[in-house]
Every structure is written in structure tokens, then in C-alpha cells.
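# Sequence plus predicted model, see below.
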Amino acid sequence: MTSRRDVLEGVLGAMALAPAAAGGAPATDAEAGIPAPFDAVPALEDPPERLRGIAGVVFPPAAVPDEGPIPDVHHTHTEAVEVTVPPWAFEAVRWRLDHADPDKIDRWYVEELLVEYAHADEQFRTPDGRDAVDVLLEAVNDG
């Protein structure tokens, strides 16, 4: 089974190659620093070139100066959400843990199993409360 961590590392690795394949990200003004709204993302003060390349794909080119700090490519906004696990899912995970390699069992592993049975249905909102998916689709379709 492929973990969420493996998938994320694979995606970030592939994205690191994209700027080189596309001729590189456009140059940005390092003097200006990280512009709003990306200045709200924790910054990597002295990032290796590999992470600068990933940032050039994850964020718009203007948000990633050629030198100096860049937005942290590993940062995500996380909302704490409680998911009530139904009894059948709880028992299914307990059964799977009884048959798992004890050396493999940790919090991350248990969460990966639980998410196979119960998860949140995210409803993404813009800061002003609109449906973020609709807003982004409209921008793509209109622009």
C-alpha cells in the first residue's frame, strides 16, 4: 500500500524537475522579498536550490525570489477536524492492527488505516466565505 507520505514525496520530486523541463521559472526581484499574500507562509531562510526549484512550481514565480528566503514548500494550512469513526470502521482497524507487524504500528500508521474507512468531506472556502472551488473554476474558465 502506498502511503500519503510516499505520494507527496513523489509529487514534490516530480515538480522539482518541472522548471528545468520548461526552461526554468521566470526571474523575480530578490530585493522585494516574498510578496503578499505569500509572506504569510513560513519562510525558508536559506533554502537549497532543489527546494527553490520546487517552490517555483508550487507557488507563482513572483512569490519565489531568485535569492534569499522563499515560502516553505512543505507548509500547509491545516484545520483541526474531528471525525467520528463509526463502530464498524473502528473494529475493522482494530482487527487489521491485530494482524499488522508490531514494528510498523505507530500513530501515523493507525491514522492511515482510519482514513481508509472514515474521512472528512472538505468544503473549501475563500477568506470572504465563497466556495473556493467555484471561484477558481470561474477564474480558469473566464481567463
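Yep, it's here.
# and the gap between the residue positioned nearest the centre of the chain and Val58?
Centroid check for the chain by C-alpha atoms, centre = their mean gives Thr76 as the closest residue, at 5.3 Å. Distance from Thr76 to Val58, counting by C-beta to C-beta, to the nearest Å: 11 Å. Heads up, the C-betas are built off the backbone N, CA and C, glycines and all.
# what's the answer for Leu51, then?
When Leu51 is compared with Val58 (using C-beta to C-beta), they lie 10 Å apart.
# The two: who's more crowded?
Val58 (22 against 18; other C-beta atoms under 10 Å).
# Which residue is the nearest non-sequential neighbour of that one?
In space, and not counting its chain neighbours, Val58 is closest to Val73: 5.0 Å by C-beta to C-beta, 6 or more residues apart in numbering.
# Okay, now the unreliable bits of this structure?
The chain contains residues with pLDDT under 70 at 1-32.
# residue ranges for the helices of it, please.
4-21, 49-58, 87-98, 107-115, 132-142 (DSSP state H).
# Ala36 is nearest to which of the ones you listed?
helix 49-58 (16.3 Å; C-beta to C-beta).
# list the helices and strands the closest one packs on?
Secondary-structure packing of helix 49-58 (3 or more C-beta pairs under 8 Å, 6 or more residues apart in numbering; DSSP states H and E): helix 4-21, strand 70-71.
# try it again with 6 Å
Here helix 49-58 touches helix 4-21, going by 3 or more C-beta pairs under 6 Å, 6 or more residues apart in numbering; DSSP states H and E.
# circling back to that earlier point, what separates the residue nearest to the centre of the chain from Ala92, distance-wise?
28 Å.
# Check Arg107 too.
In terms of C-beta to C-beta, Arg107 sits 18 Å off from Ala92.
# Neighbour count for the two, which is higher?
Ala92 (16 against 7).
# neighbours around the nearest residue to that one once chain neighbours are set aside, how many?
Leaving aside its sequence neighbours, Ala92 sits nearest to Tyr117 (C-beta to C-beta, 6+ apart; 6.1 Å). By the criterion of other C-beta under 10 Å, Tyr117 has 16 neighbours.
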